[in-house]
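[1] Sequence plus the predicted model coming up.
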Amino acid sequence: MVVTVSMVIRVIMVIMVIRVIVVIMVIMVIRVIVVIKVIKVIRDIMVIRVIVVIMVIMVILVIVVIMVILFANASKTDMNRPWDTSNGNYYGYAIIGLYDYVYACNY
């Protein structure tokens, strides 16, 4: 198996995406903990549980979508120019959008 530059870049991109998702998940968990501390009402625990389940499902969907985008576009994507959308490649923008989301969550 020959390791090309594009394969290395693809792996790095996937790692970056996973790292971003982990950060988003941590931020979401912290938010939920803050909400729980603010509310401190036993009957709302069920609601919070539902919210957590929904958020976990959302995160899984995001991961699936990103993986599909990454590997569906892998053949026609120039990995050195992920911002180039001329050949129907939008996953670079997806990653940039995730970074923007994390940045917005942190500030």
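    Structure's in. What do you need? Numbering: from 1, shown residues only.

[2] Would you map the helices across this protein?
    5-39, 45-72, 91-106 (DSSP state H).

[3] Which positions in stretch 14-29 come out as buried?
    Applying a neighbour-count criterion of 16 or more other CB atoms under 10 Å, the buried positions in stretch 14-29 are 17, 20-21, 23-24, 28. From N, CA and C alone the C-beta is placed, and that goes for glycine too.

[4] could the residues you listed go into a markdown table alongside distance to residue 6 and pLDDT?
    Converted to a markdown table, those look like this (distance: CB to CB, whole Å; pLDDT from 0 to 100):
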| residue | distance to residue 6 | pLDDT |
| --- | --- | --- |
| 17 | 16 | 80 |
| 20 | 21 | 81 |
| 21 | 22 | 81 |
| 23 | 26 | 83 |
| 24 | 27 | 81 |
| 28 | 32 | 79 |
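
[5] Include distance to residue 56 when you put these into a markdown table, please.
    Below are the buried residues of stretch 14-29 laid out as a markdown table (distance: CB to CB, whole Å):
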| residue | distance to residue 56 |
| --- | --- |
| 17 | 17 |
| 20 | 17 |
| 21 | 12 |
| 23 | 16 |
| 24 | 12 |
| 28 | 9 |
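
[6] Counting neighbours, what do you get for residue 66?
    For residue 66, the neighbour count with other CB atoms under 10 Å is 20.

[7] is it true that it touches residue 20?
    No - in terms of CB atoms under 8 Å, residue 66 does not count as a neighbour of residue 20; the distance is 9.2 Å.

[8] nearest residue to residue 63 other than its sequence neighbours?
    Distances taken as CB to CB, 6 or more residues apart in numbering place residue 21 nearest to residue 63, at 6.0 Å, with adjacent residues excluded.

[9] and what of residue 18?
    residue 63 (7.9 Å).

[10] For residue 24, see how far away the one you found is.
    10 Å (CB to CB, to the nearest Å).
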